[in-house]
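Chemist: dropping a prediction and its sequence here:
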Amino acid sequence: MRLSLLALLLPAALSAQQKISNGFQLDADGSLRIQVPAGTVRIIGWDHDSVSISGTIAPGGGNWYAGGRGRAGKMGLETRDQSGSGPGADVEIRVPARARLWVKTISASVNIEGSQGEVDCISVAGSLRIEGQPKVLSAETMDGIVIIEGASGVMRIRTGGGNISVRGPGGDITASSVGGSVDVSTDKLERARLESVTGAVRFTGNVIRGGALEAETHSADVTLRFLGGLDAEVTMVSVAGLAFNNLTEKGSAQPKGKTAVFIVGEGGAQVSARSFKGTVTISR
Amino acid sequence: MTALSLAAMSGPAQTESSRPLSLEQARIGAAQAGDANAFRAVYEAHVGRVRALCLRLSGDAARADELTQDVFVRVWERLGTFRGESAFSTWLHRLAVNEVLQTLRSAGRRERRVAIMADPPETPIHGGAGPEQSMDLEQAIAALPEGCRTVFVLHDVEGMRHDEIASLTGTAVGTSKAHLFRARRLLREALDR
Amino acid sequence: MSCESTRDDLDDFIAGKLDSASEAAVRAHLDGCAECAADLEAARFLAPRTAALPKEKPAERDLWAGIESRLGRKRRDAGLVARVVAIAAALLLAVGAGWWLRGVTSRVPPAALEASGASLPYESEVASLRAAMNDLEQALLAGGRLSPAVSDGFRRDLRILEGAITEASAALRADPTNDVVRELYRAAFRRKLEALRRVAAVYSTS
């Protein structure tokens, strides 16, 4: 009985779905604005000077608009719903790999692959996942998580409650969260500022000579783990918590509020780990 | 002092749509205080409409880009005079019309660019009458004599009244009306062909 | 009825906004005047087409860079006026706070801090800054101005940020010469200011 009812309903629901299929020419380094409040957005960089869009809009999801040519284009889902709780759209957008992307969503998750241009991604609650080598990346979400894989350029990442995870060869990273954790893993870090108020900050990997790593929390733990030989001047302190140095052979445990400064290897890089009341641990 | 400015911010929204305007007001407040990032957000929200106005008043895409930039630099300079008595978009629009007309007037003697029809047609982002039809009308508007074009754009496209147009262009109301009817006839003929 | 008054009424005539007497008068004139009839035809032909013109015409190139490069100069010119006019704005206080908090470390010698005992340097400025931040918070959170998704997250973040400021400020009071505490206190402020400014500037359409 229930099954037959479903069978009756299903085709109707599907038929109310709108299909999106269009595209336009866009210069290899043209810029593209994409606004999709709810649903999923998958963006794939490709080796063509054009944009190709496919996907579906859920019944009642709104109207799709898209247009542009040459230097610029824009597209998105027009909907009255500004809360992101509507049914939204699931879209796959192929873009010139070097295109400059500006993506804004409310609850829609964003997945970007193969971009080599500038990426600016903002969401209220959607998760942002970026794979590839964007030159400059800015990702911001209040409640979603941010996952970056493989990037080595300039990264600026901010979240409110969401966790941040960055894995890749290196680069210049600013990752800041209020309540989420910050997790960075990279072998050739040039420069990073990693901070969270109540989320843990973790770093695994290494810093290049002349590079700098600053990690800071208010109440959560800071854990830095260096793989391979590190050449750095290290500063570590927890004002109201403990700080453990497991990096040097002798190791040490710093009492509350005492700053430890020491040189590892030949020095050269700057590493600083601070917390107000979390535990700071640096190890290999 | 703080309470005063915040009272303005949290006062009744000057609704021109049901969107929460307080954020725009906050951005304007930040821009007024010199925050260029906030101003960029203001720019992003309005640039499409401002450029549409510049494009139609000038009849030239490259000129429209320059005028759009001039308008927003002017907006930045004048931002301190926006007191929230009218909706921001209304204030900005009026400022844009003024700025464009003044610039076009002072450049009036300069040779007009003749590339109007040669410019690549712009793809309209939002549908409606369909790209071809609106493109034809756009081109026909661009080809109008300047006075006719100004009045047609301000009256029929932007919805301004003849007395407002007359005061902006420094002409008589009768002149504005005459320009409008001539413009409509010319457009009708152009689109008929 | 004259041609002039007919023309004045033409748009209302097309829109069906005239009363029956005026409409009849316009109709009568149009029947006998080929010129006005042609104007009517042109207006009728154009009205739907004009209404269908796109409201926005985005540029094919990025215009912002050209604008931004001209703001810096203008900003200096307008700086004084803007500062005087807008100094009341909480957001200016927020911007100014970064400068002020930097000033704490560079301008006040440790001895002065020690001498100040339990009270922090610039305590009244900090108090007015915090009051301004609270006002801004209230303005942003007031009645449905942010979408529920944004305001819930914003409230939660503000609680966390405020908690960190309170703790850091108590610690600084207890140990006013501690550079690390001062830096963490400053960082806590900076994060809250950033959160406020970001919500005001970024989560605009949500």
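Modeler: Noted; the coordinates are in hand.
Chemist: secondary structure class for whichever residue of chain B sits closest to chain C?
Modeler: Taking CB to the nearest CB, chain C has its nearest neighbour within chain B at B:Gly48, 2.9 Å off. Just so you know, the C-beta spots here come from the backbone N, C-alpha and C atoms, and that holds for glycine as well. Here B:Gly48 is helix, with the state taken from DSSP: H, G, I helix; E, B strand; the rest coil.
Chemist: burial of it, as a residue count?
Modeler: Burial of B:Gly48 is recorded as 19 neighbouring residues (other CB atoms under 10 Å in any protein chain shown).
Chemist: pretty sure it is touching B:Thr68, no?
Modeler: No - contact criterion CB atoms under 8 Å: B:Gly48 and B:Thr68 do not qualify, at 9.7 Å.
Chemist: torsion angles phi and psi at the spatially closest residue to the residue of chain B closest to chain C that is not a sequence neighbour?
Modeler: Using CB to CB, 6 or more residues apart in numbering or on different chains and skipping the chain neighbours, the partner closest in space to B:Gly48 is C:Glu56 (2.9 Å). For C:Glu56, the backbone dihedrals are phi -120, psi 140 (criterion: degrees, to the nearest 10).
Chemist: C:Glu56 contacts B:Ala45, correct?
Modeler: No - using CB under 8 Å, C:Glu56 is not in contact with B:Ala45, being 10.7 Å away.
Chemist: just to revisit the earlier point, any idea how far the residue of chain B closest to chain C is from A:Gly179?
Modeler: 36 Å (CB to CB, to the nearest Å).
Chemist: can you tell me the element B:Glu66 falls in?
Modeler: helix B:61-78 (DSSP states H and E).
Chemist: kindly report the same for B:Trp91.
Modeler: Going by DSSP H and E, B:Trp91 is in helix B:88-106.
Chemist: who in the stretch 151-284 of chain A is up against chain C?
Modeler: A:158, A:160-161, A:176, A:178-179, A:195, A:197-198, A:216, A:218-219, A:237, A:239-240, A:257, A:259, A:274, A:276-277 (CB under 8 Å from any CB of the partner chain).
Chemist: so what's the residue of chain B closest to chain C up against?
Modeler: Shown in contact with B:Gly48 (CB atoms under 8 Å, 6 or more residues apart in numbering or on different chains): B:Ile125, C:Lys55, C:Glu56, C:Lys57, C:Pro58.
Chemist: by neighbours, which of those residues wins?
Modeler: Within the contacts of B:Gly48, neighbour counts (other CB under 10 Å) peak at C:Lys57, which reaches 25 neighbours.
Chemist: I'd say that one and B:Leu57 touch.
Modeler: No - contact between C:Lys57 and B:Leu57 fails when scored by CB under 8 Å: they sit 11.5 Å apart.
Chemist: for the chain, which residues score under the pLDDT cut-off?
Modeler: This is for chain A. Counting by pLDDT under 70, chain A contains low-confidence residues at A:1-15.
Chemist: sorry, I should have been clearer: chain C.
Modeler: For chain C, applying pLDDT under 70 flags the ranges C:72-136, C:139-140, C:142-145, C:197, C:200-206.
Chemist: how about the residues of it near chain A?
Modeler: Counting by CB under 8 Å from any CB, chain C comes close to chain A at C:58-62, C:147-150, C:153-154, C:156-157, C:160-161, C:164, C:167-168, C:171, C:175, C:178, C:180-181, C:183-184, C:187-188, C:191, C:194-195, C:198, C:202-203, C:205-206.
Chemist: is it possible to get a markdown table of the contacts of B:Gly48 that adds secondary structure?
Modeler: Output for the contacts of B:Gly48, formatted as a markdown table (three-state DSSP):
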| residue | secondary structure |
| --- | --- |
| B:Ile125 | coil |
| C:Lys55 | coil |
| C:Glu56 | coil |
| C:Lys57 | coil |
| C:Pro58 | coil |
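Chemist: for these, which one is nearest chain A?
Modeler: Using CB to the nearest CB, B:Ile125 is the member of those that lies nearest chain A, at 4.1 Å.
Chemist: thinking again about what came up before, buried subset of the residues of chain C next to chain A?
Modeler: With neighbours counted by 16 or more other CB atoms under 10 Å in any protein chain shown, these contain buried members at C:58-61, C:147, C:149-150, C:153-154, C:156-157, C:160-161, C:164, C:167-168, C:171, C:178, C:180-181, C:183-184, C:187-188, C:191, C:194-195, C:198, C:202-203, C:205-206.
Chemist: now, those residues that are in helices?
Modeler: Secondary structure defined by DSSP state H assigns C:149-150, C:153-154, C:156-157, C:160-161, C:164, C:167-168, C:171, C:180-181, C:183-184, C:187-188, C:191, C:194-195, C:198 of those to helices.
Chemist: so what's the residue count around the residue nearest to B:Phe72 when sequence neighbours are not counted?
Modeler: Closest residue to B:Phe72 apart from its sequence neighbours, by CB to CB, 6+ apart: C:Ile67 at 4.9 Å. C:Ile67 has 22 neighbours, counted by other CB under 10 Å.
Chemist: isn't C:Ile67 right next to B:Val71, touching?
Modeler: No - applying CB under 8 Å as the test, C:Ile67 and B:Val71 come out as separate, 9.2 Å apart.
Chemist: close to chain C, is stretch B:159-168?
Modeler: No - Stretch B:159-168 lies out of reach of chain C by CB under 8 Å from any CB, never closer than 9.0 Å.
Chemist: kindly export that stretch (C-alpha atoms) in CSV.
Modeler: Output of stretch B:159-168 as CSV, limited to C-alpha atoms (Å, rounded to 0.1, in the frame of the first residue of the first chain):
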residue,chain,number,x,y,z
GLY,B,159,10.5,56.2,-14.1
MET,B,160,11.3,59.8,-13.3
ARG,B,161,8.9,62.7,-13.7
HIS,B,162,9.2,65.4,-16.4
ASP,B,163,9.7,68.1,-13.7
GLU,B,164,12.5,66.2,-12.1
ILE,B,165,14.2,65.6,-15.4
ALA,B,166,13.8,69.2,-16.4
SER,B,167,15.5,70.4,-13.2
LEU,B,168,18.3,67.9,-13.6
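Chemist: so for that stretch, what gets flagged as buried?
Modeler: Residues of stretch B:159-168 classed as buried: B:Met160, B:His162, B:Glu164, B:Ile165, B:Ala166, B:Leu168 (neighbour count, 16+ other CB under 10 Å).
Chemist: ok, now stretch B:89-103?
Modeler: By 16+ other CB under 10 Å, the buried positions in stretch B:89-103 come out as B:Ser89, B:Trp91, B:Leu92, B:His93, B:Leu95, B:Ala96, B:Val97, B:Glu99, B:Val100, B:Leu101, B:Thr103.
Chemist: who are the contact partners of the fourth one?
Modeler: When contacts are counted by CB under 8 Å, 6+ apart, B:His93 touches B:Arg49, B:Val50, B:Leu53, B:Glu158.
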